[in-house]
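Visitor: sharing a model that was predicted from the sequence below.
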Amino acid sequence: MAAYHAKLSAFGSSVPKKIVNNFDLEKIVDTSDEWIRTRTGIRQRHIASPGEFTSHIGLKAAQAAIQHAGIDAQSIDLIVLATSTPDNTFPASAVAIQAGLGIHHGAAFDVQAVCSGFIFALSTADSFLRTGAFKRALVIGAELFSRLLDWEDRTTAVLFGDGCAAVVLQATDRDEGIVADKLGCYADARGILRVRGYGTTYGNRGVSFGDTLWDFDGQEIFKRAVHGMSESSAHVLAKAGVTADAVDLVVPHQANLRIIEFVAKRAGIPMERVFVTVHKYGNMSAATVPVALVDAIEEGRVTPGALILTPAFGAGLTWCSHLIRFGERVTPLATTDVELPPCGKTALEMVNAFRAIKDSRGRSAAGLAGPVFPESGARASG
Ligand code: UT7
C-alpha cells in the first residue's frame, strides 16, 4: 500500500574541516573582507583536500545519517544524490556511495539541479516512497565547488565552498514529512549562470582541475533568486493551506544574506525565524540546505512538530521550495563516530595547490568560448 508521507528521520553532515577565510582570498584575488561580507554575508568557506572526491564526503554523510537513525544500511533501498560536481560523468556518484555502504540492492542515481539539487532530490525520493516503490531512502547533497572554481575570478571565487549532508527519508502513514513542494525553472535565463569547461561541449578537454570560465550575471541572478524563492514559498504555503505565521523556521538556500533577507521580507517572516549559515560556509550549492538543516537541528532550532520552509535557487535557473513537518523526535537515535580523514595542509595551501596545477598546464580560455549554448549554436559540418 502506498505511504501517505515520507518523513525525514535522521541527518548527518560531512563538511571538510579546512577553512579559507576572506582574508586568505585577499592574497589571491583583488578583493576585500569588507566587500565580501557586506555584499554577501560570507566570512569563510570550507575546502576539501585534493584527494577527496564528492562520493567520499557523500559516503561519510550517509554513514553519519545511518548511524543517527540507528538503522542497518541494508534497509536503504534508494539513494538519490544531488550534485553538480560528480566524481565522473558516469557512473553516478550515488552508485559509489551505495557500494561504499556495502548495499547490493535497490536503486542509486544522481540528480543535477545545482543549488536547488537537494530539494529536487528530496521531491524525487519522496515521490518514490509515496508510491511504495521504495521504503527507505538516503537523500544526499554533496558538492566540491573548489574543483570547479576559477580561483583567479574574484566575481565567483569568493562565493562558494565545499560540503555535504544526508538525510534518511522513511515512508510513513503519519502526518509528517514533506507537506508540500514546488519545483520550477527559468530556462530562458539559463545563460546567466554557467560554468564552461566540463561537459560534452568541451569534448575531451576535461582534465582534472582543468580551466573553467564562468558566465555569471550576479545582479540578474539575484533578482531571479528572490523571485523564484518567494514564488515557490508562497505556492507551498497556499498548497498546504497555512499562512507564514505557521512557519516555525525558514532554512533557505544560502548564496547571499541579502537574498535571504528579501525572501523572508516578502514572505512576511522575521529574520529571527530564519536560519542563516552563509557566513560559515558560503554557497555549497546542493549541500547548502541539508547542511543548514543539520546545523539547525544540532543548535536546537528545530522543535518537535516544527513546520520548516526551505526555499532554494540555482543555475538552470532552477527554483523550488518545500514545506516540511517534523515529527515528535528531532534528535538522533544514536551517536556517530564518522569523521573525514585528517589533512596536513592549510586550506589556503590547498587552494594554491589547485591554482598551481592549472598554472603548470598554461592557462587557456581556448575552447571555452563559442556559442552561448550548444543547442543554439551552428552544428559542426562534415
Ligand atoms: O546559488 C545561486 C548562485 N548565485 C547567486 O545567487 C548570486 C546572486 N548574486 C549576488 O549574490 C550578487 O550579485 C554578488 C554578490 C555576486 C555581487 O554583488 P553586487 O552587489 O550585485 O555587485 P556587482 O556585481 O554589481 O559589482 C559591484 C562592484 C563591481 O565594481 P564596479 O564595476 O562597481 O567598479 C565589481 O567589479 O564590485 C566589484 N566586485 C568585487 N569587488 C571586490 C565584484 N566582485 C568583487 C569581489 N571583490 N569579489
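Guide: Looks like it arrived, so ask away. Numbering: from 1, shown residues only.
Visitor: going forward, measure contacts and count neighbours with C-alpha atoms only.
Guide: Fine.
Visitor: who are the neighbours in contact with residue 351?
Guide: Residue 351 makes contacts with 146, 151, as judged by CA atoms under 8 Å, 6 or more residues apart in numbering.
Visitor: confirm it sits in a helix?
Guide: Yes - judged by DSSP: H, G, I helix; E, B strand; the rest coil, residue 351 forms part of a helix.
Visitor: you'd agree residue 211 is in a helix?
Guide: No - according to three-state DSSP, residue 211 belongs to no helix; its state is coil.
Visitor: I'd guessed it sits against residue 197; true?
Guide: Yes - Residue 211 is in contact with residue 197 according to CA atoms under 8 Å; the separation is 6.3 Å.
Visitor: I'd say residue 229 and residue 321 touch.
Guide: Yes - between residue 229 and residue 321 there is a contact under CA under 8 Å: 6.8 Å.
Visitor: what's the overlap in contacts for the two?
Guide: In contact with both residue 229 and residue 321: 311-312, using CA under 8 Å, 6+ apart.
Visitor: now the one residue in the stretch 201-350 of the chain that gets nearest to the ligand: how far from residue 39?
Guide: Closest approach of the stretch 201-350 of the chain to the ligand (CA to the nearest ligand atom) occurs at residue 218, with a separation of 3.4 Å. In this view, residue 218 and residue 39 are 11 Å apart by CA to CA, to the nearest Å.
Visitor: what of residue 181?
Guide: From residue 181 to residue 39 the distance is 30 Å (CA to CA).
Visitor: got it, and residue 223?
Guide: According to CA to CA, residue 223 stands 14 Å off from residue 39.
Visitor: check the residue nearest to residue 301 when sequence neighbours are not counted and give its pLDDT.
Guide: In this structure, residue 301 finds its nearest non-sequential neighbour in residue 249, 7.7 Å apart by CA to CA, 6 or more residues apart in numbering. For residue 249, the pLDDT comes out at 98.
Visitor: how about residue 249, phi and psi?
Guide: Residue 249 adopts backbone torsions of phi -150, psi 140, taken as degrees, to the nearest 10.
Visitor: need the phi and psi values for residue 237.
Guide: Torsion angles, degrees, to the nearest 10, at residue 237: phi -60, psi -50.
Visitor: contacting residues around the residue nearest to residue 301?
Guide: 273-275, 301-302, 306-309.
Visitor: and these, which are buried?
Guide: Buried by 16 or more other CA atoms under 10 Å: 274-275, 301-302, 306-309, out of the contacts of residue 249.
Visitor: now residue 340: phi and psi?
Guide: The phi/psi pair for residue 340 (degrees, to the nearest 10) is phi -70, psi 150.
Visitor: okay, the helix or strand of the chain with the lowest mean pLDDT in CSV with CA atoms only?
Guide: The weakest-scoring helix or strand in the chain, judged by mean pLDDT, DSSP states H and E, is helix 347-360 (a mean of 83). Only the C-alpha atoms of helix 347-360 are listed here, as CSV (Å, rounded to 0.1, in the frame of the first residue of the first chain):
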residue,chain,number,x,y,z
ALA,A,347,43.0,25.5,3.3
LEU,A,348,44.9,28.3,1.6
GLU,A,349,47.8,25.9,0.8
MET,A,350,45.2,23.6,-0.9
VAL,A,351,43.7,26.4,-2.9
ASN,A,352,47.2,27.5,-4.0
ALA,A,353,47.8,23.8,-5.0
PHE,A,354,44.7,23.8,-7.2
ARG,A,355,45.9,27.1,-8.8
ALA,A,356,49.4,25.7,-9.4
ILE,A,357,48.0,22.6,-11.1
LYS,A,358,46.2,24.8,-13.5
ASP,A,359,49.2,27.2,-14.0
SER,A,360,51.5,24.2,-14.7
